[in-house]
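# let's see this in three dimensions:
(one chain, ligands or ions: 1)
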Amino acid sequence: MSEKTPYYITTPIYYPSGNPHIGHCYSTLACDCVARMKRMQGYDVMFLTGTDEHGQKIEKKAAEEGVTPQEYVDGIVANFKKLWETLGISYDRFVRTTDDYHVKTVQNVFEKLYKDGWIYKSSYTGKYCTPCESFWTESQLVDGKCPDCGREVQDASEEAYFFKLSHFAPQLRELLLDEERGFLNPKSRVNEMVHNFIDPGLQDLCVSRTSFKWGIPVTFDDDHIVYVWLDALTNYVSALGFMNDTYNDYEKFWPADSHVMAKEIVRFHSLIWPAILMALGEPLPKKILGHGWITFGDGKMSKSKGNVVNPFVPCERYGADALRYDLLREMPFGSDAPYSNEMMFNRINSDLANDLGNLISRTVAMTIKYFGGTLPVDKDFRDSDEELLSMTDALPSFVEETFEGLRFSEGLDRIIRVVARANKYIDENEPWVLAKDEANKPRLAAVLYNLLDTVRRCAILLSPVMPHVCPEIFEQIGACECCTTWEAATKRHALKADVTVTKGRILFPRIDVEKEVEELEALSKPARELPEEPMKDITVFDNFASLDLRAVKVLSCERVPKSDKLLKFIVDDGFGERQVLSGIAKYYKPEEMIGKTLAMIINLAPRKMMGHESNGMILSVRDGDKFRVIEFDDSIKPGADIS
Ligand code: MSP
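Numbering: from 1, shown residues only. As a prediction, this is how the structure comes out:
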């Protein structure tokens with residue numbers, strides 16, 4: 001038996017700096033769909049995904065939450081994995097840049113590039129965008145801001161190692177402009193790379209950092225960690241065992257057939273990554289595929305913008321396959337696609353419930369009604385069947401080509417057109433009229449058989465997109481395993497001549513759009529009224545414990561001259577007297593404060609207000625647009641601690 005042909009496809013490795021959203025699902029679904037198709041076609045598939053866990057942003061987030069970076073990412077990576085499971089993502093390997101073998105590979109790659117003279121030490125001054133972890137030159141900035149995300153950049157300078165990216169400019173230019181090779185897709189991005197980045201002059205790339213610690217150390221220079229993009233891009237080979245002993249798949253699967261990603265990181269994959277591989281003397285990936293963004297409201301759906309949709313909700317309510325179908329159907333390759341729940345419901349209703357679902361349920365129901373569920377072998381096929389059959393014949397090659405090029409919307413549109421043509425075929429042939437005359441039974445059987453066989457062929461081609469529902473379709477139409485392979489989609493009438501159908505559940509229930517939109521809105525509303533100010537981030541117990549909170553007794557109180565806000569207090573804090581100011585003059589008269597026992601932080605650093613020193617802070621609670629001091633009764637003695 002001949003060896004299976006290897007096929008290697010990758011998603012970007014995602015930053016676990018926040019939980020995954022519908023935007024992240026697209027690349028992963030696209031790869032999953034291609035991987036599933038390729039497996040059905042008999043390829044030996046390696047489908048890689050993972051997480052990109054180093055960098056300053058993650059270091060900062062972890063510090064804000066009072067946990068280690070590793071603890072921080074572990075929690076989020078678990079959520080990514082849970083989402084992939086919910087969506088039915090059939091990845092073969094999951095790489096984490098904190099995995100030992102990956103660290104080893106990155107260190108080996110860095111060392112080799114240094115020894116071979118492709119990496120050298122110098123110093124760097126530039127504009128740094130922290131969220132993107134990218135240095136920019138002045139000329140690359142757009143309106144003085146980061147060209148990728150539009151945020152502010154900071155001046156930064158550090159001693160650093162550089163990769164001789166500039167050396168590879170001519171080879172990269174040639175690679176990108178080689179039409180026959182078709183390295184970067186869609187083609188429109190080629191011009192962008194060549195004109196915006198190569199032609200103005202490729203700069204050497206800074207590939208180490210000293211300003212933070214959460215990264216892979218440079219083995220021969222302790223102060224430096226490896227630049228996050230050199231670390232991240234290397235995942236595509238570390239996960240195969242390149243320069244590590246954990247895996248042994250490099251020979252078999254490299255070069256990758258497809259690196260899939262959205263447009264904003266095409267630059268890293270079509271310039272930096274090939275240049276690194278050229279320097280290492282390794283083969284280049286076959287294709288870089290840069291799709292558009294899923295947008296929501298007025299821009300890319302992204303964690304940092306906060307406009308994200310939680311993908312678990314649609315999966316739970318309508319099934320993973322509905323979301324899979326919708327996302328892949330809506331985005332034309334290379335363009336952005338807006339996401340809204342309402343659009344998804346309309347898409348599910350029109351394509352899946354009306355067209356596909358109806359075709360299946362009508363055909364199965366008629367087979368049961370007119371033939372007790374099993375078709376007779378004797379059939380009367382006619383020339384008028386040809387249009388439907390030849391339209392279906394043309395599907396597999398078109399679907400294969402479009403799916404492989406991430407043009408899912410075109411492929412799916414063509415499948416649904418065949419489904420619609422099949423529904424029209426029912427109306428043209430009127431099985432309910434044929435059924436009235438026993439003499440028409442062979443014709444009626446042929447009509448139903450053509451329909452069932454069309455459903456079979458469409459469902460095979462839909463399997464990579466809807467892997468959970470398609471097996472149920474096969475069950476309902478009585479298609480055995482041998483006639484549901486990819487190859488079988490190219491064959492007319494592969495369904496058994498005396499096929500038996502089974503009535504099953506409604507596979508694509510219609511969604512009541514108005515009701516569903518209302519319910520989703522209710523779901524996203526908080527159960528209680530939220531306070532005007534948003535809740536502050538989680539803090540740790542130690543922060544609270546560092547405050548010395550005590551009951552204090554007011555000995556005297558007066559207005560601060562020329563201030564309509566401040567009252568000046570002398571309080572007994574149990575240890576002695578202290579002076580404190582409080583901005584509550586609008587709510588209290590000085591004389592009514594005397595004798596009250598209040599709550600106070602007594603160890604705040606002293607500060608001056610209107611020339612008077614304040615040693616602490618009196619605690620109050622907001623009451624509408626007023627503030628009320630927190631008071632205790634007389635049984636509480638000055639100095640009693642509050643915890
Ligand atoms: N860690 C880098 C990638 C390193 S790859 C060697 C990174 N991570 S990311 O978490 O920001 O993921 C970016 C990728 O997530 C995009 O390129 C795309 O594949 C996917 N998407 C995230 N938001 C998206 C949309 N709103 N729409 C479509 N895809 C999006 O960049």
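
# what pLDDT does Ser2 get?
pLDDT recorded at Ser2 is 62.

# before we move on, which element is the residue most central in space within the chain in?
Against the mean C-alpha coordinate of the chain, by Cα atoms, centre = their mean, the closest residue is His24 at 1.3 Å. Using DSSP states H and E, His24 sits in helix 22-40.

# packing partners for that helix?
Packing partners of helix 22-40 (3 or more Cβ pairs under 8 Å, 6 or more residues apart in numbering; DSSP states H and E): strand 6-14, strand 44-51, helix 69-87, strand 258-262, strand 287-291, strand 294-296, helix 320-330, helix 395-404. The way it works is simple: take the backbone N, C-alpha and C, and place the C-beta from them, glycine included.

# pLDDT on the fourth one, on average?
Put plainly, it is strand 258-262. Rounded mean pLDDT across strand 258-262 is 98.

# worst average pLDDT in the helices and strands packed on helix 22-40?
Among the helices and strands packed on helix 22-40, strand 294-296 has the lowest mean pLDDT, at a mean of 88.

# next one: that one, is it in contact with the ligand?
Yes. Legend: contact between strand 294-296 and the ligand by Cβ under 6 Å from any ligand atom is shown at Ile294.

# quickly run through the sheet partners of that strand, with directions.
Paired neighbours of strand 294-296 in the sheet (DSSP bridges): strand 299-300 (antiparallel), strand 337-338 (parallel).

# okay, the residue nearest to the centre of the chain: pLDDT?
For His24, pLDDT reads 92.

# write out the residues of the stretch 101-250 of the chain neighbouring the ligand.
The stretch 101-250 of the chain comes close to the ligand at residues 232-233, 235, as judged by Cβ under 6 Å from any ligand atom.

# make it 5 Å
232-233 (Cβ under 5 Å from any ligand atom).

# by proximity to the ligand, which residue of the stretch 101-250 of the chain wins?
Nearest residue of the stretch 101-250 of the chain to the ligand (Cβ to the nearest ligand atom) works out as Ala232 at 3.8 Å.

# and that residue, how many neighbours?
Neighbourhood size, Ala232 [other Cβ atoms under 10 Å]: 27.

# tell me what the helix or strand hosting Lys104 is packed against?
Here Lys104 sits within helix 100-115, counting by DSSP H and E. Helices and strands touching helix 100-115, by 3+ Cβ pairs under 8 Å, 6+ apart, are strand 119-129, strand 154-163, strand 225-226, helix 228-233, helix 235-238, helix 273-280.

# and that helix, C-alpha only, in PDB?
Output of helix 100-115 as PDB, limited to C-alpha atoms (Å, rounded to 0.1, in the frame of the first residue of the first chain):
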ATOM      1  CA  ASP A 100      10.000  22.700  27.400                       C
ATOM      2  CA  TYR A 101      10.600  21.400  23.900                       C
ATOM      3  CA  HIS A 102       9.500  24.700  22.300                       C
ATOM      4  CA  VAL A 103      11.800  26.600  24.600                       C
ATOM      5  CA  LYS A 104      14.700  24.300  23.600                       C
ATOM      6  CA  THR A 105      14.000  24.800  19.900                       C
ATOM      7  CA  VAL A 106      13.900  28.600  20.200                       C
ATOM      8  CA  GLN A 107      17.100  28.700  22.100                       C
ATOM      9  CA  ASN A 108      18.800  26.400  19.600                       C
ATOM     10  CA  VAL A 109      17.500  28.500  16.700                       C
ATOM     11  CA  PHE A 110      18.700  31.700  18.300                       C
ATOM     12  CA  GLU A 111      22.200  30.200  19.000                       C
ATOM     13  CA  LYS A 112      22.500  28.800  15.500                       C
ATOM     14  CA  LEU A 113      21.600  32.200  13.900                       C
ATOM     15  CA  TYR A 114      24.100  33.900  16.200                       C
ATOM     16  CA  LYS A 115      26.900  31.500  15.400                       C
END
